[in-house]
Structures are given as structure tokens and as C-alpha cells.
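The sequence and its predicted three-dimensional model are supplied below.
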Amino acid sequence: MRNISMLTKVELLERSKKHYFSLGIDDGASNLCKWNYKFGLAKLHYAQESLGINPNATFISTPDETISRNKARWDSGYGYGGKLTWCDKPEKLIFIDSKPNACGMLVGGLDELPTPNSIIENMYNVLYEDAYIDEIKIKWDFKKGNHFIDVFKTNSEARKNGFPRYTFIIHGSAPELRKENSKGVGLYYDSSKTLYEMSKKITTPFGDVFYLDGDDAKEYFEFFQYAKKFAAEKRKKVAELLFGKFTTISNPIHQGLRDYNEFLLGAQYVKEPGEKLFPVALRSDLTAYLISGNINLDEEVIDELGFEKRAKKLEIYDRLVNFNTLPHGGGYEIPHIIKVLDVQEYNYDRYFVCEQRFEDAITILSDPQEVQFTYRGKPVVNKLLDLRLGQVAVKMFPRFILKM
């Protein structure tokens, strides 16, 4: 086989496409994710070979595969909804342009339904009174993007089995730690001068790849572990300030490093220590779910999907059987787009030429922040169940949602 560096750009993209395994629902947004990831995986393959590593970075999507609305992440060639793997052993190598942020969702149980007014009053107390964790001032990020606070009533069968009558979800990350700070180098290379200067760069035919290795990777990974703990504690702290007494049901991460060589992009790892139930939150007007995850993917499902032969040929079959990953939501839906027809590339900028749903015309887009979107609904949960990724343990019916 020819070296990666000897392949044309078209050949690199065709090669990278084989390393993408889709579990999505195949709508316009999932189609955009697949197309963009061809560029991201091709960049990683080129970088891996430059580092003397087998160029076999792989992305396995979850049923909510979609665009990333973080432009820097999207421009680096990443979509959202799934698990990215670039090595099978704990090499001290981290590709930091994936931008880990320790985002997750806390599910808490309540005995009584709070009133919206009481929560709003408590929320304003939080906004105007400084709160700290480990001497770091908390930043309020529950009004940005798809971060939210949602309150639910649980289904009667769950309550009969001793589950709390009411629940809430708090969705948030750790923007406090993106820049360099007293605890470490920072999470984002485009926010932290220290991290940017510490990182190394490989120029590929599709743009630059930023990475850390050796002791630098170790320092960053240890800082991310701190950020992960901080973000989880922050969600609990905010819950205490808003709701008072509550029962912690689940508090998993869905965006960040699982280890040195695996990265969760909007996905939850089933074997996360201490977690038994995982939230899947769709649109605010729809039922949310607590899922009991299976050890997946099932080998029978892999065969049904037609993945087995390709994965074994690429020598990454173990990544499928050890996927063990769930979606965390419905993902962005782009209702006016059916599929991508072509991608035009100019000076590393990508322009996606898309077929429109209702008109005999095309949409050309490059910035995911500017595209119209909504959130998907139950088809994502149905796909999760069809693939035997897990089972529904609890249904949670929305009472109100807060974005302040």
C-alpha cells in the first residue's frame, strides 16, 4: 500500500470514508456530519503516518450524528454524535483541535415539583452572588447554545419502583477552564496561549492538525480529568442553589477525552464509573429518557449493518465490539436539507453543496452557526433501541424548561 503522503486528495478522502461507521438516521444533518468527517479523518490519517503511527483513526457515530455548531471544531473536520478513536493502546497522543470541554448532563430527583417562579428567584440569586468551586468562580453557561435546565415528571411505572416523582436535567460544561488558569494549561488551544505554544502542528493537504504527545499529553490529560470533575461538581453546585435538596441520579460526561486515544463528541460511554443510567434529552417539548446502556455493539448488529468485513479488513473490528456508547440527545436537525451533493474547497474552507427538500434548488453552506436548525425527536431513541445500544429505564415528561 502506498504511503498516505503519496495519495491524492481525492484518494485520501475515499480512504478516510472507509474509517467512518454510521449508526445515524441518514437525514440532512447526519449526511453533513459524514461528509465533513471525511476531511477530519483524512487529516488525522496524514498526521498519524507523519508520527509513525498506523493511520487508522476511526469515527463510529451514534444515532444522533449531526453537525457541530462550534465553527473551529467543524472547520477542523469534526461532526458531532459519536466516538473518535485514533490508537488502540494508550499512546500519549492527543489531538487537541477536537476541543474537549467536559460537557455533561446532571439528572436529579425531586420529591416535590418546584414552581418556575421559585427557580427564577433562585437563579437570579445565583447570577448576582459569586459562587466558587476550588477557588474558581463559576460562570453561568446554562443559557448558551443547547445548555438548559429542564424539569420533568416521571412515568408511573418508574415511580412504583421507587423512582422520584419529579426530575430535572442541568446541561453544562466548564467554560471557566478554557483559558490557562491556576489549575492548568487550559482546555482550548485557541483560547489558551500557553496551550497553543505547547502544542505541535502537522500541516496536511486539508489544513493543520494540532496535537500533544509525551509529557505534554500527560499534563493536558491530567488537566482534563480535573476539568471533568470540576464540570460535574459545578452542575451539582448549581442544582443545590436552584433546587435545594435533591437526589443525584446520573451525571455523565458526553464531550471530552475518554483516555489518551479516544474522544467522545456528544456521546456517553456506557462503562463510565458510577453511572448506570444515561440521559437522552430530545427537544424541550418532548419526553426525555433515562437509558440503561448495553455493552455494545452486538456482533449480530455489526453483521446486520454490513460493517464486519470492512472493519476486519481495516483491523479495527475491536473498536466496534467495544463501542459501548450512547447518544446524549436528538442532535441538530436541518429540516430544509436532504443530503450533500458535493463539497467545494477553497484555501481549506469547505462549501457544502446541498439538495433542498422542497424546492428544485441547492443550499451552499460553510458556517454551521449560520444554518437553520431544530432538534430531532423520537426517531433517535427508536434507532438506539433498534441497534440494541440500551433499553428505556425511565420516561420523563417535561413540565417546564428554563434558559436564563
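Here it is on my side, so go on.

Would you map the helices across this protein?
Listed in chain order, the helices found in the chain under DSSP state H are 9-17, 28-50, 71-75, 116-128, 156-160, 193-198, 214-243, 299-304, 308-313, 317-321, 379-386.

if you compare those, which one is most tucked away?
For the helices of the chain, average neighbour numbers computed from mean count of other Cβ atoms under 10 Å are highest in helix 28-50, which has a mean of 24. C-beta coordinates here come from the backbone N, C-alpha and C atoms, glycine included.

Please tell me I have it right and residue 123 contacts residue 402.
Yes - at 7.1 Å, residue 123 counts as touching residue 402 under the criterion of Cβ atoms under 8 Å.

which helices and strands sit right next to the lowest-mean-pLDDT helix or strand in the chain?
Ranked by mean pLDDT, DSSP states H and E, the weakest helix or strand in the chain is helix 116-128, scoring a mean of 81. Helices and strands in packing contact with helix 116-128 are listed as helix 214-243, strand 390-402; criterion 3 or more Cβ pairs under 8 Å, 6 or more residues apart in numbering; DSSP states H and E.

Tell me who's in contact with the residue nearest in space to the middle of the chain.
Computing the C-alpha centroid of the chain and ranking residues by Cα atoms, centre = their mean puts residue 266 first, at 1.5 Å. Applying Cβ atoms under 8 Å, 6 or more residues apart in numbering, we find residue 266 in contact with 62, 64, 66, 80-82, 254-255, 327-329, 331.

In terms of pLDDT, where does it sit?
Residue 266 carries a pLDDT value of 96.

now residue 146
Residue 146 is assigned a pLDDT of 53 by the prediction.

With residue 370 instead?
In this prediction, residue 370 carries a pLDDT score of 88.

State the distance from it to residue 71.
Noted for residue 370: a distance of 9 Å to residue 71, by Cβ to Cβ, to the nearest Å.

what does residue 213 give?
Distance, residue 213 to residue 71, using Cβ to Cβ: 26 Å.

got it, and residue 78?
11 Å.

Now for these two: what residues contact both?
With contacts taken as Cβ under 8 Å, 6+ apart, residue 78 and residue 71 have no neighbour in common.

about what we covered before: and the residue nearest to the centre of the chain, backbone torsions?
phi 70, psi 30 (degrees, to the nearest 10).

Touching, residue 177 and residue 225? I think so.
No - using Cβ under 8 Å, residue 177 is not in contact with residue 225; the gap is 11.6 Å.

Hmm, residue 252 and residue 264 touching each other?
No - the criterion here is Cβ under 8 Å, and residue 264 misses it with residue 252 at 9.6 Å.

quick one: which of those two has more around it?
Applying other Cβ atoms under 10 Å to residue 264 and residue 252 shows that residue 264 carries more neighbours, namely 26 against 23.

low-confidence ranges in this protein?
Per-residue confidence for the chain (pLDDT under 70) gives these ranges: 1-2, 127, 141-148, 403-404.

separation between residue 87 and residue 214?
When Cβ to Cβ is applied, the distance between residue 87 and residue 214 equals 14 Å.
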